[in-house]
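Undergrad: what's the 3D shape of this:
(one chain, ligands or ions: 2)
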Amino acid sequence: MKSFLVGILIFCMSQVSFAGEGMWLPMLLKSLNEAEMQQMGMKLTAEDIYSVNKGSLKDAIVHFGGFCTSELISPNGLLLTNHHCGYGQIQSHSSLENNYLKNGFWAKSHQDELPNEGLTATFISEIIDVTSEVLDGVSEGLSVSERQSVIDKNINKVVEGMEKKAYQDVYVRPFFHGNQFFAFKTITYRDVRLVGAPPESIGKFGADTDNWVWPRHTGDFSLFRIYAGPDNLPADYSPDNKPYKPKHYLPISLDGVEEGDFTMVFGFPGRTQEYLPSPAIEQIVNTLNPAKIGIREKALGILDKYMRTDEETRIKYASKFARVANYWKKWIGESKGLKRTKGIAKKQAFEKSFMDALPPNSKYKNILPTFEKLYAEMEPLAYVRDYYSEVTGRNIEVMRVISIAQRLVDTYDNNGEDGYNAFKQRVIPFLDNFYKNYDANIDAEVFEALTEMYVENVDSKYVPKSLMGLVDEDTKLDNGRSPDLFSKTVMADRTRMMAVLEMTPDAAIRSLKRDPAYRFGKEWKELFDSEVAARLSTIQFQIDSLQRVYMDAQMKTFPNRTFYPDANSTMRVTYGKVAGYEPVDAVLYQPVTYLDGVIEKYKPGDYEFDVDDKLLELYETKNYGQYADTNGKVPVCFIGTNHTTGGNSGSPAIDAHGNLIGLNFDRAWEGTMSDYNYDASICRNIMVDIRYVLFIVDKYAGAGHLIDEMTLLHPKK
Ligand code: ARG
Ligand code: ASP
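TA: Residues are numbered from 1 along each chain as shown. Ligands and ions are numbered 1, 2, ... in the order given. Down below sits the predicted model:
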């Protein structure tokens, strides 16, 4: 019986991946997906979604700042994305007096829209298969590094030889772990202004408690506008720039969704690893995730304590806290989900079927045993890497200044005064921003707690001597180690650090080199580089090239299965259906939430679950206008089986006809392991219902002029 079940499982896995799974390249939809999509209810053709010759859905999809997705929803360049994607911008325009995080922001006219230095909006003009050009001259006999160098040269040739307009850029990315290559022609706009954002009590309702959670009640959206030069082409910020005129923008459906409706999510998913071997998954679940989760838990506890008692600290730390908390929680869900859906056993079963399918003397026979060996060798090093990067790169903030100081010194030593001065010019604005949101007392406490964990949990050969001294039992209680370091270094204090940068270059360098934090950071980094990084990268290199062979081998061994490439921040389409799920035995989740649920969660005065008077009043008076569902309630969020990941935030959810119905912003916690092992039974993406967005813009914010820009439709009627 057991082997019969495994047989069924393998049968399913080696067939076409089931609806929901997959992040597909838009120009391949015609050959791979169109039929299935139409069978699931889609009324569009692949050409309506992606076309090079005429305006298509893809022309409304915009890579937002390179880290999120956004979409055009009006003929005047109005751009919709998540509140958490625009968070950095909203925060940077905020202060205690003008607190847009707390109160929201709504530009009354184009003149009031706020510019954001450095924020970009990128369109994809065309996607081109360049595999044969990139692999030209690559043969089996080449060593890994020879292979890479041929590929690098070929990519340069492709990029340089590509026919393009002056305002276009080209990049080439590897797919299927280096088995295929595609070039992307892009156009990047540089003047993107903030138009509107709800208060956090709506845009971040439920904050970290509800993050990754279904049922959800967050209005996670914000509005921006792309501005262009006189020719509608990219231009640096200028008050004379005009709203961008798009080739296509998404019409909006007011008809909402029902369980089973077709949905499609179009965006820029960041990174997935669906084809890893089982030892990699075991390492993540058993070793790496627990380490990273523990460190973040510690740091977050300290930040939370200060943020709860002081509003100014809360503003300063809100964005940083959210970033750290986000993946902390995701990893917990991911590990749980992998266990619950037996992710490791599934991989192993697949691996068995793979081995069984290989002919007796296949050259692929040793792939899996070699992985086993490499992952075992890598494990202790990967553990230190994650510890080191979480502690120094993520959670102790002053480490960022230390690493800048190291780069200033290196630049001075290698490129002299000119190099130093040029780099310093770039560093100053960064530091300005850093110190604006920095509290040295909090950081000192984080430092103390995390270095202690490092010393306790990491093999002593990877612990720098000065850290041993710093957390030495004898000195620990007496002279308090981190406050000591923090008072001696210039780097935890804006005035002192800036004063050093004011000095002549050689005096500044001398002073940095003497600084105790600088010396400490340098020692730690050198130890890490020599004992961990170098060996790790050798193994990683072997793993990566084996992964390429394994990917190719899987595709050749199961020619009837349709494979999709792992996410790599390039444009993808995923499609599925609106569907609830069973989070635990005997509990069934419905796929839609309503404003009533916001009121149920409401906790007056709470920083995560407060609801403001205006929204309460709209609820009480049932002033919903055209935004209520047929049941008379205002929908807030819904879920579907679309396969999404980080970077898909802000992606449009599109109905069978190509209309906007929602805004993707999260996944349900139980299914966050979709990055390694999508499972249609519990993997759900979470979207804000577009009618909630419109309701907030119109009824709550009174920004009806924005609604007037949009095209609202009733496709179901
Ligand atoms: N979990 C979502 C994503 O990965 C939303 C994160 C932002 N919200 C938060 N509370 N941290 O990005
Ligand atoms: N919240 C994620 C993002 O910001 C989306 C996800 O991981 O599902 O891209």
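
Undergrad: Tell me how many other residues surround Asp240.
TA: 9 (other C-beta atoms under 10 Å). Placement of C-beta: from N, CA and C, glycine included.

Undergrad: can you tell me how far it sits from Ser222?
TA: 25 Å (C-beta to C-beta, to the nearest Å).

Undergrad: same thing with Lys102?
TA: Relative to Ser222, and taking C-beta to C-beta, Lys102 is found at 14 Å.

Undergrad: Who has more neighbours out of the two?
TA: Using other C-beta under 10 Å as the criterion, Lys102 and Ser222 rank with Ser222 on top: 28 against 17.

Undergrad: With adjacent residues omitted, what lies nearest to the more buried one?
TA: Take Ser222 and drop its neighbours on the chain: the residue closest to it by C-beta to C-beta, 6 or more residues apart in numbering is Gly86, 3.7 Å away.

Undergrad: burial of the one you found, as a residue count?
TA: Gly86, neighbours per other C-beta under 10 Å, totals 30.

Undergrad: pretty sure it contacts Lys204?
TA: No - with contact defined as C-beta atoms under 8 Å, Gly86 does not count as touching Lys204 (11.3 Å).

Undergrad: all helices for the stretch 151-300 of the chain, in order.
TA: For the stretch 151-300 of the chain, the helices defined by DSSP state H, counting those that start in this stretch cover 200-203, 207-210, 278-283, 289-309.

Undergrad: Same check on the stretch 451-600 of the chain?
TA: Counting by DSSP H, counting those that start in this stretch, the helices of the stretch 451-600 of the chain are 465-470, 473-479, 481-488, 494-502, 505-514, 516-528, 534-557, 595-601.

Undergrad: Please report the distance of the closest residue to Ala508 other than its chain neighbours from His110.
TA: Spatial nearest neighbour of Ala508, chain neighbours left out: Val500 (5.2 Å); criterion: C-beta to C-beta, 6+ apart. From Val500 across to His110, the span is 43 Å (C-beta to C-beta).

Undergrad: Which one's more surrounded, the two?
TA: Val500 (18 against 13).

Undergrad: Could you measure from that one over to ligand 1?
TA: To ligand 1, Val500 is 35 Å away according to C-beta to the nearest ligand atom, to the nearest Å.

Undergrad: I'd say that residue and Asp493 touch.
TA: No - checked against C-beta under 8 Å, the pair Val500 and Asp493 is beyond contact range at 10.3 Å.

Undergrad: who touches both of those two?
TA: Common neighbours of Val500 and Asp493 are not found (criterion: C-beta atoms under 8 Å, 6 or more residues apart in numbering).

Undergrad: Torsion angles phi and psi at the most centrally placed residue in the chain?
TA: The residue lying closest to the centre of the chain (C-alpha atoms, centre = their mean) is Gly646, at 3.4 Å. Dihedral pair for Gly646: phi -50, psi 130, per degrees, to the nearest 10.

Undergrad: same check, this time on Val391
TA: As for Val391, its main-chain torsions (degrees, to the nearest 10) stand at phi -70, psi -50.

Undergrad: Surely it is in contact with Gly294?
TA: No - using C-beta under 8 Å, Val391 is not in contact with Gly294; the gap is 10.9 Å.

Undergrad: what is in contact with the two at once?
TA: Counting by C-beta under 8 Å, 6+ apart, the common neighbours of Val391 and Gly294 are Met453.

Undergrad: more neighbours, these two?
TA: Using other C-beta under 10 Å as the criterion, Val391 and Gly294 rank with Val391 on top: 23 against 14.

Undergrad: The residue nearest to that one when sequence neighbours are not counted: which element?
TA: In space, and not counting its chain neighbours, Val391 is closest to Leu450: 4.7 Å by C-beta to C-beta, 6+ apart. Assigned by DSSP states H and E, Leu450 belongs to helix 440-457.

Undergrad: What lies in contact with that helix?
TA: With C-beta under 8 Å, 6+ apart as the test, helix 440-457 has contacts from 291, 294-295, 298-299, 302-303, 306, 313, 317, 387-388, 391, 395-398, 463, 467-468, 470-471, 481-483, 485-486, 492-493.

Undergrad: Which residues of this structure lie near ligand 2?
TA: With the criterion set to C-beta under 6 Å from any ligand atom, the chain comes near ligand 2 through 644-649, 665-667.

Undergrad: if we go to 5 Å?
TA: 644, 646-647, 649, 666-667 (C-beta under 5 Å from any ligand atom).

Undergrad: about what we covered before: give me the pLDDT for the residue nearest to the centre of the chain.
TA: In this model, Gly646 is scored at 97, pLDDT.

Undergrad: swap in Gly469?
TA: Predicted confidence (pLDDT) for Gly469: 71.

Undergrad: what about it, how many neighbours?
TA: With neighbours defined by other C-beta under 10 Å, the count for Gly469 comes to 13.

Undergrad: can you tell me how far it sits from Arg514?
TA: With the distance defined as C-beta to C-beta, Gly469 ends up 18 Å from Arg514.

Undergrad: same deal with Arg407?
TA: 17 Å.

Undergrad: So the two - more neighbours on which side?
TA: The neighbour comparison of Arg407 against Arg514 (other C-beta under 10 Å) goes to Arg407, with 13 against 10.

Undergrad: before we move on, the earlier item: who's in contact with the residue nearest to Ser222?
TA: By C-beta under 8 Å, 6+ apart, the neighbours of Gly86 are 194, 197, 222, 224.

Undergrad: what about 10 Å?
TA: By C-beta atoms under 10 Å, 6 or more residues apart in numbering, the contact set of Gly86 is 64-65, 68, 70, 79, 105, 116, 119, 192, 194-197, 203, 220-224, 650.

Undergrad: And Glu47, by the same measure?
TA: 29-30, 34, 53-54, 56.

Undergrad: at 8 Å what do you get?
TA: Taking C-beta under 8 Å, 6+ apart, we find Glu47 in contact with 30, 56.

Undergrad: what about it, is that helix, strand or coil?
TA: With DSSP: H, G, I helix; E, B strand; the rest coil as the basis, Glu47 sits in helix.

Undergrad: Tell me the residue of this protein that sits nearest ligand 2?
TA: Of all residues in the chain, Ser649 sits closest to ligand 2, at 2.9 Å by C-beta to the nearest ligand atom.

Undergrad: residues near that residue, how many?
TA: Neighbours around Ser649, by other C-beta under 10 Å: 27.

Undergrad: Am I right that it is in contact with Ile686?
TA: No - with contact defined as C-beta under 8 Å, Ser649 does not reach Ile686; the gap is 10.1 Å.

Undergrad: Need the overlap of contacts for these two.
TA: Common contacts of Ser649 and Ile686, defined by C-beta under 8 Å, 6+ apart, comprise 664-666.

Undergrad: how about those in TSV, adding distance to Val324?
TA: Shown next, in TSV, are the shared contacts of Ser649 and Ile686 (distance: C-beta to C-beta, whole Å):
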residue	distance to Val324
Asn664	22
Phe665	18
Asp666	17
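
Undergrad: And the buried ones among those, selectable in PyMOL?
TA: Burial among these is assessed by 16 or more other C-beta atoms under 10 Å; the matching PyMOL selection reads:
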select buried, resi 664+665+666
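
Undergrad: any chance of the shared contacts of Ser649 and Ile686 in a markdown table, plus pLDDT?
TA: Formatted as a markdown table, the shared contacts of Ser649 and Ile686 follow (pLDDT from 0 to 100):
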| residue | pLDDT |
| --- | --- |
| Asn664 | 98 |
| Phe665 | 98 |
| Asp666 | 98 |
